[in-house]
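S.K.: Here is the input, now give the coordinates:
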Amino acid sequence: MGSVLQGKVALVTGASRGIGEGIARRFAAEGATVIVTARTIEASGGVHEAGNVDGKGKSALAGSLNEVVEQIRTDGGEVIALRCDVGDPASRAELYDAAMKMTGRVDILVNNAATAVFGKSWKSVREDE
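M.R.: Here you go, the predicted model:
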C-alpha cells in the first residue's frame, strides 16, 4: 500500500463497478479513506435498462458496493459505503449529510455515476432523465 493520499478522504460516486470501482480501490491503496457510493448495495441488485437479456428490456449488472468494500478491506484499505442515487436530489443531500457526519470533510470528489440518454443534447435532457 502507498501513502500518497494518507489522511485524505475521497468520495467516489458510481463505485460499485467499472471505472468508479477502480478509482476507489486505487485511492484506498494509496492511503485515502474512501467513501464509495452507488445505487447497488447487494450483488445482483442493479439492472441496466438498455439491455434486453431477460426479454423485458433489463439485464442484471455485475458488481455491488458490498463487493467493492470487501475487496478494499481485504487489501487493507479504509472504506465507507453509502447508498446514493445521484439522480435524486434528496439522495444527494442525504449522502452529503452522512459523509460530513462520518468523516467531517471530503478532500477528493470523483463524480463518476452516470446514465445514458441517447439521441438528445444535454440541453434537452429533463431533470427526471
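S.K.: any idea which helix or strand comes after the longest helix anywhere in the chain?
M.R.: In the chain, assigned by DSSP state H, the helix with the most residues is helix 89-103. Under the assignment DSSP states H and E, the closest C-terminal helix or strand after helix 89-103 is strand 108-110.
S.K.: Report all helices and strands that the longest helix of the chain contacts.
M.R.: Counting contacts by 3 or more Cβ pairs under 8 Å, 6 or more residues apart in numbering; DSSP states H and E, helix 89-103 packs against strand 33-38, strand 78-83. (Each C-beta comes from the backbone N, C-alpha and C, glycine too.)
S.K.: deepest of those strands, which one?
M.R.: Comparing the helices and strands packed on helix 89-103 by mean neighbour count (mean count of other Cβ atoms under 10 Å), strand 33-38 comes out on top with a mean of 27.
S.K.: What is that one packed up against?
M.R.: In terms of contacts (3+ Cβ pairs under 8 Å, 6+ apart), strand 33-38 is packed against strand 9-12, helix 18-29, helix 65-74, strand 78-83, helix 89-103.
S.K.: Could you check how many residues crowd around the closest residue to Glu42 other than its chain neighbours?
M.R.: Nearest-residue entry for Glu42: Ser64, 5.4 Å, with adjacent residues in sequence omitted and distances by Cβ to Cβ, 6 or more residues apart in numbering. Ser64 sits with 22 neighbouring residues when counted by other Cβ atoms under 10 Å.
S.K.: my guess is Ser64 meets Glu21, correct?
M.R.: No. Contact criterion Cβ atoms under 8 Å: Ser64 and Glu21 do not qualify, at 9.8 Å.
S.K.: overlap in contacts of those two?
M.R.: Common contact partners of Ser64 and Glu21 (Cβ atoms under 8 Å, 6 or more residues apart in numbering): none.
S.K.: Pull the number of nearby residues for Arg73.
M.R.: Arg73 sits with 12 neighbouring residues when counted by other Cβ under 10 Å.
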